[in-house]
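>>> Quick one: sequence plus predicted model below, questions after.
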Amino acid sequence: MGTILSRRDEQKKIVSQCKLGAVELTQSYRRRARLTSFRPPFSPPDYVCYINTFAAGIDLRMHKISVVVPTTLHRLGLLQRALEAVAKQERAADYVVVTCDATDKEASAARAASHWPSFAGELHIVTNQQLPGLSANLNSAFKYIAAFCPDVTIVSLLDDDDFWSENYLASVEEQFDSGAEFVAAPFAYLGKDHRQEPPNILEPDQFLVGNPGISNSTMSIGFALLQKIGGWTAGLRSCTDRDACLRLCKATAKYAVANDATVYIDRGHGSPRLTDRGGAAKFDGLEFFYEKWRHAMAPDIYESSRSRALRLFDYDPGVATPPIKKNARQPKDHLVIATITTCPELLNRLLVSLDTHAAPIFRVTVLVLRNNAHAEWDDPPTRDIELRYYTAPTSGAVLKIAEARDCLQEKVREYLFKRRKKPPVWFLDDDFIVSEAAVGKIAQAMSDPDLKADAILGTYIGDSPNAALSGLLFELQDLKANLQWLQDLPSQEPLPDRSKENTTWMQEHPKTYYYALSLNSKPEHVAWLEPAHDGETVQEAHDRVIKGLPSLARGNSIFRKLRTFGDPVKLDVGAESLHRGVSDVSARGTDLRI
């Protein structure tokens, strides 16, 4: 931390000489005026009147102003622009506090400060000694200025990629002089002519739904009030402005708008911003925000807020749930689902199955990589799961499958990195649906202290993952045999159940029963048609086969769907091996138990 003192100290020395009388004051001014920027436009006889007025302006001013600029020092050009706007203020700041959240903070700040403009007030450089992030960075500054800022100090915030009109601080101070404790200012996006006005009154529901037009750079708060609400919420990576405004509402802050001022917000500089759609900071901030504030939202307010989060930020917090009370059952275990999709219909089918079978047991978060920029993505048909949607790093691109997997895995790593308790991640293809039995086995694995597994490799049932033609050869031979069999049965009698017969021989050939290794292959056995439901007649089964024939060419199966051969309830621990792999697996130097 460092402090640079300004020329104002010399000015204060001059005005303190007022007690010496007019003659001595004039001599003092003549002797010291060259040390300051203080140049009264009067003839010498008027020095006394002017300097006494100047003294009153300094000593009797109602408020000090402290400008706090949080930065990571990654955008030095934008930070320079912000600080130059502060230096040009018509009402100079008494303190300019640059609070740095960066690695090698002291050295980086010292190098950057050599290019910063001169300020009429004091410049202080603060380094964040707490957790990384905007909230902790600001709290470090608030803690620092408490040593010298009185309670009546106005604390004005300015993000390092924004800047103010030259009358900003003067307009803000005018509102504080009239009794305000919290002042917001209008803003304009850089390059746009239209100014957006903050609300005239503060209502909590405005901030529970979204942001009605108040961001960090438009906020000025009395230091006493800022300390009363506890500063910024530690750990909150984004949505800090909404959270602060809600707590200011609870504190019944006296609010006003500095209508003559303008904040210029730069969304086009290309560097990462906390509000970026699909960014980790935005997702994490929204998750934290809803955990903290959803209990305060009426049902209609929550649905409006949820809809806005999905529309603007590709985030769905899931259905509103009441907070867990003391002595109530423990919160659900957290389960993360990761998937890549190109088809909205397939994705929605997977999400519905997770909502139906997994959400009652787990707190479910689904990380979705949308690998199709041209698809129309509807609102998800779910209520009880949290969703985070990601897109390809290059706008409009469709990634190859290997690239898409790398991208998704990086998003998963990013999601898990800062979490103290790492939840398990279940990777699923978007054309899957999950069953109650599968979810039950996952729950069993997570709750079994003796399992000691790092990863679970599960089986799946239904259509084969192989190319469509690989299974078609066997399916066509089954088709011929089954049509002959059905023809010999009474059409209105129930279809005989031959599932045990099928399972017996399929279990003897578990890796090959569902597809042909070559075009010369012949099936070991016929796979007999099994009833779709109890009481299905022979005629109904025949009609079902005929209706399903077109789907065979797409890889769907009528006779040889994948099935499991173990206990559908029990979780079996397999040998330490991988299918078509090796028995000893190492992950980053540690043994991986499968």
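All right, it came through fine.
>>> tally of neighbours for Thr394?
Burial of Thr394 is recorded as 9 neighbouring residues (other CB atoms under 10 Å). Quick note: C-beta positions are derived from backbone N, CA and C, even for glycine.
>>> just Asp94 next, same as before
23.
>>> Please tell me how far it sits from Gly440.
Using CB to CB, to the nearest Å, one obtains 64 Å as the distance from Asp94 to Gly440.
>>> What does the pLDDT read for His525?
Looking at His525, its pLDDT is 87.
>>> Which residue comes closest to it once chain neighbours are left out?
Trp505 (4.6 Å; CB to CB, 6 or more residues apart in numbering).
>>> so the one you found sits in a strand?
No: Trp505 is assigned helix when assessed by DSSP: H, G, I helix; E, B strand; the rest coil, not a strand.
>>> Need the phi and psi values for the closest residue in space to Leu428 that isn't next to it in sequence.
Nearest in space to Leu428, with sequence neighbours left out and distances taken as CB to CB, 6+ apart, is Thr339 at 5.1 Å. Thr339 adopts backbone torsions of phi -150, psi 150, taken as degrees, to the nearest 10.
>>> One more: the one 3 residues further on?
Dihedral angles of Thr342 (phi, psi; degrees, to the nearest 10) stand at phi -120, psi -10.
>>> What distance do you get for it to Lys411?
Taking CB to CB, one finds Thr342 at 17 Å from Lys411.
>>> what does Ile442 give?
In terms of CB to CB, Ile442 sits 21 Å off from Lys411.
>>> elements contacting the lengthiest helix in the chain?
For the chain, the helix reaching the highest residue count under DSSP state H is reported as helix 468-487. In terms of contacts (3 or more CB pairs under 8 Å, 6 or more residues apart in numbering; DSSP states H and E), helix 468-487 is packed against helix 538-552.
>>> State the pLDDT value of the residue nearest to Leu428.
94.
>>> how close does it sit to Glu203?
Taking CB to CB, one finds Thr339 at 39 Å from Glu203.
>>> same deal with Ala309?
Ala309 is 19 Å from Glu203, by CB to CB.
>>> Between those two, which is the more surrounded one?
Counted by other CB under 10 Å, Ala309 and Glu203 do not tie: Ala309 has more neighbours, with 22 against 12.
>>> Could you report the neighbour count for the residue nearest to His525?
Neighbours around Trp505, by other CB under 10 Å: 14.
>>> try Leu387
Leu387: 21 neighbours (other CB under 10 Å).
>>> Now do the longest helix of the chain, average pLDDT.
In this model, helix 468-487 has an average pLDDT of 87.
>>> Repeat that for stretch 412-424.
The model assigns stretch 412-424 a mean pLDDT of 86.
>>> How far does it sit from its chain's centre?
Averaged C-alpha coordinates place stretch 412-424 at 13 Å from its chain's average position (CA atoms, centre = their mean, to the nearest Å).
>>> Need the distance between the two termini of it.
Start to finish, the residues bounding stretch 412-424 are 11 Å apart (CA to CA, to the nearest Å).
>>> Pull out the buried positions in that stretch.
For stretch 412-424, the neighbour count (16 or more other CB atoms under 10 Å) marks 412, 415, 423-424 as buried.
>>> just the residues you listed now: which is nearest Lys282?
Tyr415 (12.6 Å; CB to CB).
>>> Check which helix or strand the closest one maps to.
helix 401-417 (DSSP states H and E).
>>> What lies in contact with that helix?
280, 283, 336, 338-340, 365, 367, 369, 371, 388, 390, 392-393, 399, 422-423, 425 (CB atoms under 8 Å, 6 or more residues apart in numbering).
>>> same question, stretch 241-257
Against stretch 241-257 from outside (CB under 8 Å, 6+ apart): 175, 178-186, 197-198, 200-204, 207-208, 210-211, 214-216, 219, 221, 225, 228-230, 232-233, 236, 289, 292-293, 296.
>>> Which of those residues fall within helices?
175, 204, 207-208, 225, 228, 289, 292-293.
>>> Farthest-apart pair in those residues, please.
Longest span within the ones in helices among the contacts of stretch 241-257, CB to CB: Gln175 and Lys292, 29.1 Å.
>>> which one of those two has more residues nearby?
Gln175 (24 against 15).
>>> if I look at the more buried one, how far off is Glu181?
Counting by CB to CB - Gln175 and Glu181 are separated by 10 Å.
>>> same check, this time on Ile154
10 Å.
>>> neighbour-wise, which of these two wins?
For Ile154 versus Glu181, neighbours defined as other CB under 10 Å are more numerous around Ile154 (27 against 22).
>>> Please name the bridge partners of that one.
Taking DSSP bridges as the rule, Ile154 bridges to Ile65, Gly222.
>>> Report the set of residues contacting both of Ile154 and Glu181.
221-222.
>>> related to what we said a few turns ago, in contact with the residue nearest to His525: list those residues for me.
Shown in contact with Trp505 (CB under 8 Å, 6+ apart): 513, 524-525.
>>> Spit out the contact partners of the closest residue to Arg277 other than its chain neighbours.
Nearest residue to Arg277, sequence neighbours excluded (CB to CB, 6+ apart): Phe313, at 5.4 Å. Applying CB under 8 Å, 6+ apart to Phe313 gives the contacts 277-278, 282-283, 286.
>>> just the buried members of these?
278, 282-283, 286.
>>> who's His71 bridged to?
No, residue 71 isn't His; it's Thr. Beta-bridge partners of Thr71, counted by DSSP bridges, are Cys100.
>>> Now do it: how many residues are near it, please.
25.
>>> Okay, it and Asn137: tell me how far apart.
Taking CB to CB, one finds Thr71 at 8 Å from Asn137.
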